[in-house]
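Engineer: sequence unknown, structure follows:
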């Protein structure tokens, strides 16, 4: 099962997915909407994909001009496919990937990143832990609060469409929410962001 890179230097190249992934069509629509919304803002940034799966968002960001990408994934199966995707597309030098619990790894790894590097963060907690578990969102909000408002351009949180995420999380305010069937995408930026 594959998705394709939508635009940029890798346009049309396949991205392998986990065989059991049933969210492929929604993911493709979400991905296209996300990158249409941010447009050229992605160029030159550090793109961080939390709960990365096989890396389709970060790979698309790299194709569209992100300077580098960091991926966090918990599933061994998805992580192996992520590694294969990065290798097949020759993106190993432009990326770092971490296997383990994103809630534990993210704050540690992000503290070590340059505070001068402009960053876009994409969080996509898996459906298996989203449904009937408000706690996963609370933990995502806590992760968002650890981010530096000085260098974080945008944060996107993928969530169940019936959830109404907070209008403000720490120094970040919700700009908008777009719904796609059972999924939705909420965009956050710093309160001082233009």
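Structural biologist: Sure thing, it's come through. These numbers come from a predicted model, not from an experiment.

Engineer: beta partners of the residue nearest to residue 76 when sequence neighbours are not counted?
Structural biologist: When the adjacent residues along the chain are set aside, residue 76 lies closest to residue 99, with 7.1 Å between them (CB to CB, 6 or more residues apart in numbering). In this view, the C-beta of every residue, glycine as well, is placed from N, C-alpha and C. Going by DSSP bridges, residue 99 is paired in beta bridges with residue 73.

Engineer: residue ranges for the helices of this protein, please.
Structural biologist: Taking DSSP state H as the criterion, the chain contains helices spanning 24-38, 56-63, 76-88, 102-111, 127-130, 134-145.

Engineer: Check which helices and strands the longest one is in contact with.
Structural biologist: For helix 24-38, the contact count by 3 or more CB pairs under 8 Å, 6 or more residues apart in numbering; DSSP states H and E identifies strand 2-4, helix 56-63, strand 152-160, strand 172-180, strand 183-190 as packing neighbours.

Engineer: what distance separates the third one from the middle of the whole chain?
Structural biologist: The one in question is strand 152-160. Remark: strand 152-160 is offset 7 Å from the chain centroid, using CA atoms, centre = their mean, to the nearest Å.

Engineer: if I look at residue 29, how far off is residue 72?
Structural biologist: Remark: distance between residue 29 and residue 72 (CB to CB, to the nearest Å) = 23 Å.
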